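**Q** only geometry, no sequence info:
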């Protein structure tokens, strides 16, 4: 399917052009041309008419026009009347939803994607009724007036049905994850970030999982949870769907993916060092915006302010960047809410040697530990039966064991407070 990419330079933010091209490729579109005009988007038809006419003459075999921004309903409908019937208008949100639909495999991700698509479609269908007698359109709106009215009613009913299903599922997922956390007494650390920033690669390395990875957008479409035993204390991590700029009503459809795993108030954010600094800073801002919307908390980088959600930056793909440490330190100095001048940034790449990865995990745990300190206690216990040692190992990290003449052990180490309390209660 041949397409022309159109956009206003006034709407371009760091990484947008690369994102649109990646999404277009993933959707099966072949971009035969791209044009970026310097004027502001026209309030009625977005693209300057003379530019549109010029492109229609130059590329008569074009099947679609990809718009780099989100079109308003009026812009979509007006623009559709200015092109040939066979040409489909695809804005950035529509393009994203096409990729989401292609990638969705789990029940939750399929429902979330369908709901987001219907929320996008509904206002456009309603507004398109007044244009239905003017011109039939390709894509979503290639139906007559009566069919549109019936479709609007069906869409409304379907949206209500999906929202009801997701609300029920949302409560079940929240309850399951929090019960799991209460029973295991082990913190859950989500790994967040833009798509294709190495979240799943990091998750696999930390947990020993083998989740699929790839450079194409949105390989991961549902949260996956795994346990890591490579730290001084066991930790649970969650791999998540990639974040990007979405309207609030679309973001709401994906709440079930994020909200249940954000209750600890801390997460890792992966930042791809191979990307431009301006793009990385834009990604940080968007991730913070999305988390603040979902949790209602203020969001900071490496902040320990009470009531704030904290993001710990991990810089990935260092092997694709010149002077990665210098670049990571520069970015960290801009985004961090504390003085990080004398601390080395957390840099991860899947090509690290065993020694490098061990150093990375040691530094990561040192960074996470202050935020988990309320859950951790350092203590020494006397008269522990050897048969009870496994229970204490599962509660944390035993640093030292000394056996007495009576066959009982004295142990000391770091333990999760609540889990240790349950074990000691059973011993009484």
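**A** Cool, the structure landed. Worth saying up front: this structure is predicted, and the values here are computed from it rather than measured. Residues are numbered from 1 along each chain as shown.
**Q** Residue 300 contacts residue 306, correct?
**A** No - at 11.4 Å, residue 300 and residue 306 do not qualify as touching, with contact defined as CB atoms under 8 Å. Where you see a C-beta, it was placed from the backbone N, CA and C, and this is true even at glycine.
**Q** Looking at those two, which is more packed in?
**A** residue 300 (17 against 6; other CB atoms under 10 Å).
**Q** Which of the three states applies to the more buried one?
**A** What DSSP: H, G, I helix; E, B strand; the rest coil gives for residue 300 is strand.
**Q** OK, contacts around it?
**A** Residue 300 sits next to 308-311, 337 when contact means CB atoms under 8 Å, 6 or more residues apart in numbering.
**Q** so which of those residues would you say is closest to residue 25?
**A** Closest approach between these and residue 25, by CB to CB: residue 311, at 29.7 Å.
**Q** Quick check: that closest one vs residue 302, distance?
**A** If you measure residue 311 against residue 302 using CB to CB, to the nearest Å, the figure is 8 Å.
**Q** Compare those two and say which one has the larger neighbour count.
**A** Between residue 311 and residue 302, counted using other CB under 10 Å, residue 311 has the larger neighbour count: 26 against 19.
**Q** which residue sits closest to that one, ignoring its sequence neighbours?
**A** Nearest in space to residue 311, with sequence neighbours left out and distances taken as CB to CB, 6 or more residues apart in numbering, is residue 269 at 4.4 Å.
**Q** do residue 361 as well
**A** Of all residues not flanking residue 361 in the chain, residue 230 sits nearest, at 5.6 Å (CB to CB, 6+ apart).
**Q** Would you list the phi and psi of the one you found?
**A** According to degrees, to the nearest 10, the main-chain angles of residue 230 amount to phi -90, psi -10.
**Q** which helices and strands sit right next to the top helix by length along the chain?
**A** For the chain, the helix that runs over the most residues, judged by DSSP state H, is helix 145-184. Helices and strands in packing contact with helix 145-184 are listed as helix 107-128, helix 255-258; criterion 3 or more CB pairs under 8 Å, 6 or more residues apart in numbering; DSSP states H and E.
**Q** and the first one, what does it pack onto?
**A** If you count contacts as 3+ CB pairs under 8 Å, 6+ apart, helix 107-128 packs onto helix 73-81, helix 92-103, helix 145-184, helix 248-253, helix 255-258.
**Q** Just the residues contacting the helix or strand following the last one, thanks.
**A** Remark: after helix 255-258, the chain's next helix or strand is strand 266-272, criterion DSSP states H and E. Contacting residues not belonging to strand 266-272 are listed as 187, 189-194, 196-199, 202, 237, 280, 283-284, 287, 291, 301, 309-317, 328, 331, 368, 371-372 [CB under 8 Å, 6+ apart].
**Q** related to what we said a few turns ago, centre of the chain to the longest helix of the chain, how far?
**A** The chain centroid and the centroid of helix 145-184 are separated by 20 Å, computed with CA atoms, centre = their mean, to the nearest Å.
**Q** Then stretch 18-29?
**A** 18 Å.
**Q** May I see the buried residues of it?
**A** Applying a neighbour-count criterion of 16 or more other CB atoms under 10 Å, one finds 19-24, 26-27, 29 buried in stretch 18-29.
**Q** Select from those every entry located in helices.
**A** Here DSSP H is the test, and the buried residues of stretch 18-29 give 19-24, 26 as lying in helices.
**Q** Just put these in a markdown table and tack on distance to residue 386.
**A** Output for these, formatted as a markdown table (distance: CB to CB, whole Å):
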| residue | distance to residue 386 |
| --- | --- |
| 19 | 57 |
| 20 | 62 |
| 21 | 62 |
| 22 | 57 |
| 23 | 58 |
| 24 | 63 |
| 26 | 56 |
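**Q** any weak-confidence spans in the chain?
**A** Counting by pLDDT under 70, the chain has low-confidence residues at 126-148, 177-178, 180-184, 214-222, 304, 340-341, 427-428.
**Q** redo that, cut-off 50
**A** Across the chain, residues meeting the criterion (pLDDT under 50) sit at 133-141.
**Q** Map the structural domains onto the sequence of it.
**A** For the chain, the structural domains run 2-156, 186-373, 376-427, going by automatic domain parsing.
**Q** Distance to residue 174 added to these, as CSV?
**A** Converted to CSV, these look like this (distance: least, CB to CB, whole Å):
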stretch, distance to residue 174
domain 2-156, 13
domain 186-373, 4
domain 376-427, 19
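**Q** What segments of the stretch 251-400 of the chain are helices?
**A** Under the criterion DSSP state H, counting those that start in this stretch, the stretch 251-400 of the chain carries helices at the ranges 255-258, 277-295, 324-335, 354-372, 389-395.
**Q** Nearest to residue 82, out of those?
**A** The closest of those to residue 82 is helix 277-295. By CB to CB, the value is 31.6 Å.
**Q** angle of the closest one against helix 324-335?
**A** An angle of 50 degrees separates the directions of helix 277-295 and helix 324-335 when computed by axes from the mean of the first three to the mean of the last three CA atoms, to 10 degrees.
**Q** Can you spell out which helices and strands pack onto helix 277-295?
**A** helix 248-253, helix 255-258, strand 266-272, strand 299-301, strand 309-316, helix 324-335.
**Q** how about a cut-off of 6 Å?
**A** strand 299-301 (3 or more CB pairs under 6 Å, 6 or more residues apart in numbering; DSSP states H and E).
**Q** Give the pairing partners of the strand it packs on; include direction for each.
**A** In the sheet containing strand 299-301, its partner strands are strand 309-316 (parallel), by DSSP bridges.
**Q** can you redo the helices of the stretch 251-400 of the chain as a markdown table with mean neighbour count and distance to residue 171?
**A** Formatted as a markdown table, the helices of the stretch 251-400 of the chain follow (neighbours: other CB atoms under 10 Å; distance: least, CB to CB, whole Å):
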| stretch | mean neighbour count | distance to residue 171 |
| --- | --- | --- |
| helix 255-258 | 20 | 10 |
| helix 277-295 | 18 | 15 |
| helix 324-335 | 16 | 34 |
| helix 354-372 | 15 | 27 |
| helix 389-395 | 16 | 29 |
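**Q** Tell me which of those approaches residue 69 most closely.
**A** If you check each of the helices of the stretch 251-400 of the chain against residue 69 by CB to CB, helix 277-295 wins as the nearest, at 14.8 Å.
**Q** Right, I'll call it a day here.
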